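Peer 1: Below is the sequence, then the predicted model.
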Amino acid sequence: MTRAMRRPIAAAIGALLVAATTAACGGGSGNDADEGDDTLDVWIMQGTNPDADDFFAEVSTAFEEETGATLEVEFVEWGDAHDRFVTSIAGGTTPDVAETGTTWTPEFADAGALAPLDEHVDGAGVTDDLVEGLVEAGTYDGQLYGMPWYAGVRSLVYNTEMFEQAGVEPPTTWAELEDAAAALKKEFPDKIAVAVPGDAEFTVYPWVWGAGGEVATLEGETWTSHLDSPESQEGIEFWTGLATEGGYSSAGATTWRETDVLDSFAAGDVGMAVMGSWTPGAIVDANADMEGKFAAVPIPGKDGGISPSVLGGSHLSMFETAEDKDLAFAFIEMMTTGEFAQQWGQESGYFPGQVSLLDETLESTDPLVAPFAEQFVDGGASVPAAPTYGAVQAKATTSTMMQSILSGDADVATASEAAAEEMTNILNGSE
Amino acid sequence: MTQQLTAAPPRIGRARAAIVRPWLLLAPALLVLAVLLLWPLVRVFLFSLQDYGLREITTGEPNWIGADNYAGILSTPELWTVVLPNTIGFAVLAVAGTVAFGTGVAVLLASLGTFWRTVTSSAIMAAWAMPAVTGTYVWVWIFDADRGVFNDVLMGLGLLDDPTNWFTNRWTFYAIVLLNVIHHGFPFVAVTVLAGLLGVPKEMLEAAEMDGAGAFRRFFSIIVPQLRQVFAVVIILSTIWDFKVFAQVYLMPGGAGSNRSVLNLGVWSYVESFGQNRYGFGSAIAVLLTALLLVITAVYVRTVLAEEER
């Protein structure tokens, strides 16, 4: 495999220079690295799979055998990736295929940078075998722009030692969750019974959906946020009430991000928290003593069942600059279905985006795999698939709501109304 | 006659050459500056007159909207009630604090012997060399609600019953930013002022001392007037830096936009423009900020020059 691991900064500067001196570049081909038609340029995010080099060595060999084309994989840091996509879109130097975070796909599709995949997916006959939450996230204007590749999901992770000592069982309803928190607080007054972080939007939506509310819905061309509906408010009231009324969280958690939740949980200071299926490894890495001392359950529904949670992951997207779209899709299909998709999931600790591949995972009895898999299949959801959702995240609309409630600056009704109004405005591009 | 005629042209030529030559010599540098600085400035101004987002980047087509971006910025209530008061109030306090503390340290350094001066200036260089990001994380760690040293000490002394989150309150949030920025900014002032202090003639200070002037009198009546230009430079530079504070606020808990009461100009413009792919709007903010800083700088320079003449 020929790895093109250029320095990201150098490449970004290069892209900027290309953009600045458009005269020299001349639009069109897009693939400045192309030496012939039989090379496929691919961008993959760094850090998801610890053995990514070996994995792509195998993929390149298989790809060359199947299509005769050479694969050029470039690894991109998550932190720089959005800026690099934007500069490469500006300079017409986008790769043929790239891994795109699920919330970016509609944004780049809206900008006209991505090619629709429906025909190819139909041709491959996998349309009905894709994980729904990921299809929803990759669909823009009725067309699929992001091929589901892999994703993780958040569930309720709890400290088994603390639960045993306090004599409580993992909760299956909201009332049980509150009782468990109360029992934990009584047994461990100096610890955090349940972490309610103020700067982590994905830990909020399960309670909104679990109470029967919606984050936002699309009708015709218009988005409307329903964070202020009675159902949503009930969910937000329950979740924030654990902190503001029960005192089961901590003052510090008001400004916590998910990484802070992870740090505290790994230190053994937290009874339960909403955490991702990719975090168990990180918890043990941070504190080896935690090995075997924590487990997960799907986020309980209000009166039983599961509260849905966001499927966070990646699509593989094809860019309009790809000259040979069939070749590009051959690669996408190879990566997202069958053997390689399975292997990627196993090596990275994420779930594949193809439903038939999940069966094996679902049969697992691992207490840190099975509950997440159940949540993934039966309780997966997507944030609004709007090209402007990234703007909502940048504006920190949901975190602003959470933080003002948790710090006591506003009540749930006021804060959720302000958030819903702001989200509606931004989603419709009128802010 | 003939002599005069033959003598005159070279003189004119020499005069013209005297005018042209410096420009010729400057031309390469000016050309580079024009390409690197002027053209981007012009571009930013042109972007600020458009609704420029990802779609415009892809298609390459302009999308002129006149002064709408500027109107949008100036009619945002948040700008006047939160963003500008935070930015200006903070800049005033930070500049005053940095310059006062830096000058104090410079005076201290000037009175030390060679050995201790080396030790002390090495120590303050460490504060200067620390990247803003690292420094910010250290301060965040000190004031962390659950695990921070500050809360631990207060609770140990019995001054605080329960852990307090200092990042959720506008005033305590900016008090921490102020500590961070002054800590990071004072070494530059100290070193610059020290260089000026060492240049103050010893004879003047000795003469003043003979006439019975105390240490304060000597400092404010002799040293400060001598250092007027040094102070002008450090104040202007500090003002520009403290106006543009970004990382020190953005990286604090709640500073990235989820606590609206602590937004400053740097974070607000980032959130509103780059965060939302509204590059035209962001360019308009950049143009306004540049204009504002130019005005402040011009006022400073004029005041200093006016006092020089007097």
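Peer 2: Everything's here; your move.
Peer 1: make it CA atoms for all contacts and neighbour counts henceforth
Peer 2: Will do.
Peer 1: Ignoring the adjacent residues along the chain, who's closest to the residue in the stretch 151-300 of chain A that chain B sits nearest to?
Peer 2: Residue of the stretch 151-300 of chain A nearest chain B, by CA to the nearest CA: A:Gly252 (4.7 Å). Spatial nearest neighbour of A:Gly252, excluding adjacent residues (CA to CA, 6 or more residues apart in numbering or on different chains): B:Ala145 at 4.7 Å.
Peer 1: any idea how far the nearest residue to A:Gln354 once chain neighbours are set aside lies from A:Thr361?
Peer 2: Spatially, and ignoring its direct neighbours in sequence, A:Gln354 is nearest to A:Leu130 (4.6 Å; CA to CA, 6+ apart). A:Leu130 sits 15 Å away from A:Thr361, going by CA to CA, to the nearest Å.
Peer 1: for B:Gly212, same thing?
Peer 2: According to CA to CA, B:Gly212 stands 89 Å off from A:Thr361.
Peer 1: Isn't the residue nearest to A:Gln354 up against A:Val355?
Peer 2: Yes: using CA atoms under 8 Å, A:Leu130 is in contact with A:Val355, at 5.5 Å.
Peer 1: what about those two, which has more around it?
Peer 2: Ranked by neighbour count (other CA atoms under 10 Å in any protein chain shown), A:Leu130 and A:Val355 place A:Leu130 first, with 20 against 16.
Peer 1: Local confidence estimate at the more buried one?
Peer 2: Listed pLDDT for A:Leu130 reads 91.
Peer 1: Next, the contact list for it, please.
Peer 2: Listed by CA atoms under 8 Å, 6 or more residues apart in numbering or on different chains, the contact set of A:Leu130 reads A:Pro148, A:Gly353, A:Gln354, A:Val355.
Peer 1: can you give me phi and psi for the residue nearest to A:Gly252?
Peer 2: Backbone geometry at B:Ala145, expressed as degrees, to the nearest 10, gives phi -70, psi -40.
Peer 1: before we move on, what about B:Thr76?
Peer 2: B:Thr76 adopts backbone torsions of phi -80, psi 120, taken as degrees, to the nearest 10.
Peer 1: residues near it, how many?
Peer 2: Here the number of neighbours of B:Thr76 (other CA under 10 Å) works out to 10.
Peer 1: Buried residues, stretch B:223-239. List them.
Peer 2: When neighbours are counted by 16 or more other CA atoms under 10 Å in any protein chain shown, the buried residues of stretch B:223-239 are found to be B:223-224, B:226-227, B:229-236, B:238-239.
Peer 1: Near chain A, which residues of chain B are found?
Peer 2: With CA under 8 Å from any CA of the partner chain as the criterion, chain B meets chain A at residues B:54-58, B:60, B:144-146, B:163-165, B:167-168, B:253-254, B:256-260, B:271-272, B:275-277.
Peer 1: Select only the buried ones of the residues you listed in PyMOL?
Peer 2: Restricted to buried positions by 16+ other CA under 10 Å, the PyMOL selection for the residues of chain B next to chain A reads:
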select buried, chain B and resi 54+55+56+57+58+144+145+146+163+164+165+167+168+253+254+256+257+258+259+260+271+272+275+276+277
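Peer 1: so where is chain B shaky, pLDDT-wise?
Peer 2: Scanning chain B for pLDDT under 70 picks out B:1-12, B:308-310.
Peer 1: Look at the spatially closest residue to A:Ala381 that is not a sequence neighbour and say how many residues are nearby.
Peer 2: Nearest non-adjacent residue to A:Ala381, counting by CA to CA, 6+ apart: A:Val310, 4.7 Å away. When neighbours are defined as other CA under 10 Å, A:Val310 has 24 of them.
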